[in-house]
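1. the following block contains a protein sequence and its predicted model.
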Amino acid sequence: MAPVFDYAPAPESRSVVDIAPSYGLFIDGEFTEAAGGKVFKTVSPSSEEVLAEVAEASEEDVDRAVRAARKAFEKWSALPGSERAKYLFRIARIIQERSRELAVLETLDNGKPIRETRDADLPLVAAHFFYYAGWADKLEHAGYGATPKPLGVAGQVIPWNFPLLMLAWKIAPALATGNTVVLKPAETTPLSALFFADICRQAGLPKGVVNIVTGDGRAGAALVAHPDVNKVAFTGSTAVGKEIARTVAGTRKKLTLELGGKGANIVFDDAPIDQAVEGIVNGIFFNQGQVCCAGSRLLVQESIHDELLDSLKRRLSTLRLGDPLDKNTDIGAINSAEQLARITALAEQGEAEGAERWSPACELPENGYWFAPTLFTNVTQAHTIARDEIFGPVLSVLTFRTPDEAVAKANNTPYGLSAGIWTEKGSRILAVAGKLRAGVIWSNTFNKFDPTSPFGGYKESGFGREGGRHGLEAYLDV
Amino acid sequence: MPTTAPHALSDVTASDSTLRRFLHGLPGVDAVGLEARAASLGTRSIKTTAKAFAIDLAISMVDLTTLEGADTPGKVRALGAKAVRPDPTDRSAPPTAAVCVYPDMVATAKEAVAGSTVKVASVATAFPAGRAPISVKLADVREAVAAGADEIDMVIDRGAFLAGNYMKVYDEITAVKEACGTDARLKVIFETGELSTYDNIRRASWLGMLAGADFIKTSTGKVAVNATPANTLLMLEAVRDFRAQTGIQVGVKPAGGIRTSKDAIKFLVLVNETAGEDWLDNHWFRFGASSLLNDLLLQRQKLATGRYSGPDYVTVD
């Protein structure tokens, strides 16, 4: 009977967000031009349309921002926790009120689907501020002494994959504990941080408590190296993380790093298969795989390999790639041409090294940066695509025979950020989880986040924890 | 005596123990993950042309149902007329798939839908409890078929299922299937609200299909929990996997609690993205519902005219 059930376009309206042609730096409560007057453009990765011009901070601007934060620190840190909490609660509520606008903005600037910004990023951003607002007047009960003290000025550098959420992970605990901040958003996704600056003003946050400096790696380096910064928090690549560790070494700055990963998603033969397939998809294709804790290595028990792969391929064929603002889009654009080139090169290397490449039939839009969901079978530990972080929608499928082999392979990586365990057997979950060296281990789910749960890595995935009570420690003098 | 043709899984039902081992060897269901997937598909945004397509498809899939002690010939005739011509103001609205009545109303229903494509489905086997001797259940089925029922909606013996007596349930379904003869299609109702766990619903689905069900159906509509997106998703996975293994396609019918167009469209999305487009046809997917039809018609009028009419612009039945 039926012609196919084609979903008509269902675009979220762009009119809910008003993007100005240009933005300055947010220093001491005011938007100002960069000292050298330099600007850079931010584009929408799905169309390559220029969204706005943004000021490029020089070393001088970073210094100005740090001085503003230092000046604000004295009063901010002296406020009773209950007063700081009021500001954070206010910010959280404004984020909720403006969540549709912010979701559209984030989708435009980052390229990720509106379904994700609307249903994942924004609710988590608000939840993070609510959560740490609740801690602000209870710090003496957090287990860090009777009168835990803030560190001072926090210099924070965040990535482009979850721009506003990473901002929330950094700023909410810093402010709750009485620190002031200078934050540098990623070069390709500066807009939501600048909108956040506006929210700080709307909330009446005292001047200088939050400062936003936009720019590329040089601005980030200047911030990290600034002598009057007491705390450095970085989320991003392991290479840059090592660079920062070297810069900070020998100073009195406190450092937390949240870096790359090569998460193993382990599927045992007694797993709930249909839900495991969903978890695998969510693990590697959520946010186009541009997730540090992505489940980029699928370790599947050899006895169910073929069956699972059939199900997985069938499921991938239903993924909808295209306009990120369409409410039915599952897979959006890759964030930048540079990232697309890296993913493309690593996928080609996978093929060159003999792994078998597969993608569902899927048409890529002409403009913008796109990469089809891809999986590689016949991958071994020796393949580059099983070792290097790809940070894209590319899944490497490996097999194992026994739980011990699964654990050995899962741990055989320089990283240690995330892992997943799929089995209906509770005792196996506990036994395997105890042996995995990863900061976050999900069982029968993947990529689930909550502000109450600490997040962070082992080994080259970094150190320090964000979220939960543990997340306070990074911003307290303990 | 099974009347179904042999297939890849025929050996499974050789004995009580092989059947039990097979059903307990099916992959488990993670409830949180299943419900999350159903909820996520529920966020699909079906607009304009897609919505119009979905509404007409949903209307054509309705088993328009009246299963009340107070059913009369007049009530059943009204229902039949509505099934044939759901929107008297707009002949382009498709007829529903079937009307669904008690066995003693089958003859009346047949007359009411005569000359149309609308089928008559009859509940049977001591619906809704299913607590009657097998001889009574089979007589119930035979009378309905003799009166002209095109489809039989049977209930399984939940007591036997929950007691682990899978072979008894299997034997009853095959006996009912035989009583249906070659013409009447058999829908097997699990009463998922009473089976309670998703693992049970998956086992019941495979049990029903192994026994020759033409359709697997969630509920009677007479208990607290009826069709939900999650249990329907689970059953769609079962029919998809059963066809992959045996080549036999089985239909799915969620019933009870689906009242709005919005809900119905969510179920169609589940079908589309789980079992696939082969099931997007009223031969393979049905809605057991009564009040749903009027909401579908109101939404259809809204799409056609751009404004909402109101409850007086669709018929009460």
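-> Done, it's in. Numbers count the residues shown, from 1 in each chain, chains lettered A, B, ... in the order given.

2. which residue ranges form the helices in the stretch 351-478 of chain A?
-> Taking DSSP state H, counting those that start in this stretch, the helices of the stretch 351-478 of chain A run over residues A:384-387, A:403-411, A:426-435, A:470-473.

3. with mean pLDDT as added columns, please give those in CSV.
-> Putting the helices of the stretch 351-478 of chain A into CSV (pLDDT from 0 to 100) gives the following:
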stretch, mean pLDDT
helix A:384-387, 98
helix A:403-411, 98
helix A:426-435, 98
helix A:470-473, 97
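
4. so which of these is nearest residue A:190?
-> Of all the helices of the stretch 351-478 of chain A, helix A:470-473 sits nearest to residue A:190, with 24.3 Å by C-beta to C-beta. All C-beta atoms are positioned from the backbone trio N, CA, C, and that covers glycine.

5. helices or strands up against that closest one?
-> Identification of packing neighbours for helix A:470-473 by 3 or more C-beta pairs under 8 Å, 6 or more residues apart in numbering or on different chains; DSSP states H and E yields helix A:163-176.

6. got the confidence number for the residue in the stretch 101-250 of chain B that chain A sits nearest to?
-> The stretch 101-250 of chain B approaches chain A most closely through residue B:237 (5.4 Å), counting by C-beta to the nearest C-beta. What the model reports for residue B:237 is a pLDDT of 98.

7. leaving out chain neighbours, which residue sits closest to it?
-> Spatially, and ignoring its direct neighbours in sequence, residue B:237 is nearest to residue A:274 (5.4 Å; C-beta to C-beta, 6 or more residues apart in numbering or on different chains).

8. go on, residue A:312?
-> Spatial nearest neighbour of residue A:312, excluding adjacent residues (C-beta to C-beta, 6+ apart): residue A:277 at 5.5 Å.

9. for the one you found, which three-state class applies?
-> At residue A:277 the chain is in helix, as set by DSSP: H, G, I helix; E, B strand; the rest coil.

10. helix or strand: which one has residue 160?
-> Picked chain A for this. According to DSSP states H and E, residue A:160 maps onto no helix or strand at all.

11. sorry, I should have been clearer: chain B.
-> Using DSSP H and E, residue B:160 falls in helix B:158-162.

12. right, and the helix or strand after that helix?
-> Next along from helix B:158-162, by DSSP H and E: helix B:166-180.

13. partner strands of the helix or strand following that next one, with direction?
-> Going down the chain from helix B:166-180, the next helix or strand is strand B:185-189, by DSSP H and E. Strand B:185-189 has its sheet partners listed here by DSSP bridges as strand B:151-155 (parallel), strand B:215-217 (parallel).

14. would you turn the ones you listed into TSV with mean pLDDT and mean neighbour count?
-> As requested, the strands paired with strand B:185-189 are arranged in TSV below (pLDDT from 0 to 100; neighbours: other C-beta atoms under 10 Å in any protein chain shown):
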stretch	mean pLDDT	mean neighbour count
strand B:151-155	98	28
strand B:215-217	98	27
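
15. one step back: can you give me phi and psi for the residue nearest to residue B:237?
-> Main-chain dihedrals, residue A:274, degrees, to the nearest 10: phi -60, psi -40.

16. re earlier: tell me which residues in the helix holding residue B:160 are buried?
-> Within helix B:158-162, the residues scored as buried using 16 or more other C-beta atoms under 10 Å in any protein chain shown are B:158, B:160-161.

17. for that helix, packing partners?
-> Packing partners of helix B:158-162 (3+ C-beta pairs under 8 Å, 6+ apart): helix B:166-180, helix B:192-195, helix B:198-210.

18. from the buried residues of helix B:158-162, which is closest to residue A:379?
-> residue B:161 (43.2 Å).

19. what sits closest to the closest one if chain neighbours are left out?
-> That would be residue B:169: by C-beta to C-beta, 6+ apart, it lies 5.1 Å from residue B:161.

20. give the contact list for that neighbour.
-> Residues near residue B:169 by C-beta atoms under 8 Å, 6 or more residues apart in numbering or on different chains: B:156-157, B:160-161, B:204, B:207, B:211.

21. okay, it: pLDDT?
-> 98.

22. and what of residue B:6?
-> The model reports residue B:6 with a pLDDT of 74.

23. which residues of the stretch 1-150 of chain B lie near chain A?
-> By C-beta under 8 Å from any C-beta of the partner chain, the residues of the stretch 1-150 of chain B that approach chain A are B:27-30, B:32-34, B:36-37, B:43-51, B:53-54, B:57.

24. can we see that at 6 Å?
-> By C-beta under 6 Å from any C-beta of the partner chain, the residues of the stretch 1-150 of chain B that approach chain A are B:27-30, B:33, B:37, B:44-45, B:47-50.

25. how far away is the residue of chain B found nearest chain A from residue A:283?
-> Closest contact between chain B and chain A, by C-beta to the nearest C-beta, is at residue B:33 (3.1 Å). From residue B:33 across to residue A:283, the span is 12 Å (C-beta to C-beta, to the nearest Å).

26. kindly report the same for residue B:114.
-> From residue B:114 to residue A:283 the distance is 56 Å (C-beta to C-beta).

27. ok, these two, which is more surrounded?
-> residue A:283 (27 against 12; other C-beta atoms under 10 Å in any protein chain shown).

28. wait, a helix at that one?
-> Yes - counting by three-state DSSP, one finds residue A:283 located in a helix.

29. re earlier: out of the residues of the stretch 1-150 of chain B next to chain A, which sit inside strands?
-> Of these, none are assigned to strands by DSSP state E.

30. give me the buried subset of those.
-> Applying 16+ other C-beta under 10 Å to those, the neighbour count classes B:27-30, B:33, B:37, B:44-45, B:50 as buried.

31. okay, the residues you listed in JSON lines with distance to residue A:53 and pLDDT next?
-> Conversion of those to JSON lines gives the following (distance: C-beta to C-beta, whole Å; pLDDT from 0 to 100):
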{"residue": "B:27", "distance to residue A:53": "54", "pLDDT": "97"}
{"residue": "B:28", "distance to residue A:53": "54", "pLDDT": "97"}
{"residue": "B:29", "distance to residue A:53": "52", "pLDDT": "98"}
{"residue": "B:30", "distance to residue A:53": "48", "pLDDT": "98"}
{"residue": "B:33", "distance to residue A:53": "44", "pLDDT": "98"}
{"residue": "B:37", "distance to residue A:53": "42", "pLDDT": "98"}
{"residue": "B:44", "distance to residue A:53": "37", "pLDDT": "98"}
{"residue": "B:45", "distance to residue A:53": "33", "pLDDT": "98"}
{"residue": "B:50", "distance to residue A:53": "39", "pLDDT": "97"}
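
32. state the pair within those residues that is farthest apart.
-> Most distant of those, by C-beta to C-beta, are B:28 and B:50, 34.5 Å apart.

33. how about the residues of the stretch 151-300 of chain B near chain A?
-> Within the stretch 151-300 of chain B, the positions adjacent to chain A are B:237, B:272-273, B:277, B:280-281 by C-beta under 6 Å from any C-beta.

34. same thing but at 7 Å, please
-> For the stretch 151-300 of chain B, the contact set with chain A under C-beta under 7 Å from any C-beta of the partner chain comprises B:237, B:268, B:272-273, B:277, B:280-281.

35. now the buried members of those residues.
-> Buried among those (16+ other C-beta under 10 Å): B:237, B:268, B:272-273, B:280-281.

36. would JSON lines of the residues you listed with distance to residue A:15 and secondary structure be doable?
-> Shown next, in JSON lines, are these (distance: C-beta to C-beta, whole Å; DSSP: H, G, I helix; E, B strand; the rest coil):
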{"residue": "B:237", "distance to residue A:15": "40", "secondary structure": "helix"}
{"residue": "B:268", "distance to residue A:15": "30", "secondary structure": "helix"}
{"residue": "B:272", "distance to residue A:15": "30", "secondary structure": "helix"}
{"residue": "B:273", "distance to residue A:15": "30", "secondary structure": "helix"}
{"residue": "B:280", "distance to residue A:15": "34", "secondary structure": "coil"}
{"residue": "B:281", "distance to residue A:15": "39", "secondary structure": "coil"}
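
37. can you show me the strands along the stretch 201-317 of chain B?
-> B:215-217, B:251-253, B:287-289 (DSSP state E, counting those that start in this stretch).
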